[in-house]
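Novice: After the sequence you'll find the predicted model.
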Amino acid sequence: MGNGRCALAWIAIATIFMFPPLIACARMEQFQAYYPFYTPAKESFSAFIEFALGMTIYLFGWEFLFRGFMLFVVRRRLGAWAILIQAIPFWLAHVGKPQVEFISALPGGVMAGVIAWQCNSFIPVFVIHAIMNVLLNAFVIAFAK
């Protein structure tokens, strides 16, 4: 589980820091066209909740792979280089998403690696990613044109 204080601090910092960019992105046409990719989530609150829960489960696996497995296994051999190594496939997994998201995924992946490294767990990064995902999709729906 890692360092709980570290996790709570990073979750709070990331949520506060990312709130304004998420609102700005949600208003962009390319985000409006892409999210939520489960169309019924736009139509009903219950469908949105189902989508959010499904995405949260998906992101758990995503973060386990990149931060839990890749980061912590690679760091045994390559030390801090593991942060960059796990960030590159994470970044590439964002190909096809809105351009701003794709561009920010590399520094975001590095920062996620740093957070997981400092907290000795992928769990805080999973929580941050899940919060960002739910907020972004909710904002896109709220700001729909």
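Specialist: Structure's in. What do you need? From a predicted model like this one, the values you see are computed outputs, not experimental measurements.
Novice: how about residue 121, what does it touch?
Specialist: Contacts for residue 121 (C-beta atoms under 8 Å, 6 or more residues apart in numbering) come out as 1, 2, 3, 7, 68. The way it works is simple: take the backbone N, C-alpha and C, and place the C-beta from them, glycine included.
Novice: Among the residues you listed, name the buried ones.
Specialist: 7, 68 (16 or more other C-beta atoms under 10 Å).
Novice: Show me which pair in the contacts of residue 121 is furthest apart.
Specialist: Greatest spatial distance among the contacts of residue 121 (C-beta to C-beta): 3 and 68, at 15.0 Å.
Novice: From residue 7, how far off is residue 140?
Specialist: Counting by C-beta to C-beta, to the nearest Å, the gap from residue 140 to residue 7 is 27 Å.
Novice: let me fix that: residue 101
Specialist: For residue 101 relative to residue 7 (C-beta to C-beta), the value is 24 Å.
Novice: where does this structure have low pLDDT?
Specialist: Low-confidence segments of the chain (pLDDT under 70): 1.
Novice: ok, now how distant is the residue of it most remote from its centre from residue 101?
Specialist: The C-alpha centroid of the chain is most remote from residue 77, which lies 26.0 Å away (C-alpha atoms, centre = their mean). Here the criterion is C-beta to C-beta. By it, residue 77 lies 31 Å from residue 101.
Novice: any idea which element the residue farthest from the centre of the chain lies in?
Specialist: Following DSSP states H and E, one finds residue 77 within helix 72-78.
Novice: Show me what the helix or strand that contains residue 85 is packed up against.
Specialist: Using DSSP H and E, residue 85 falls within helix 81-92. In this structure, helix 81-92 packs against helix 72-78, helix 99-119, with contacts taken as 3 or more C-beta pairs under 8 Å, 6 or more residues apart in numbering; DSSP states H and E.
Novice: residues contacting the spatially most central residue of the chain?
Specialist: The residue lying closest to the centre of the chain (C-alpha atoms, centre = their mean) is residue 129, at 2.9 Å. Contacts for residue 129 (C-beta under 8 Å, 6+ apart) come out as 59, 62, 63, 112.
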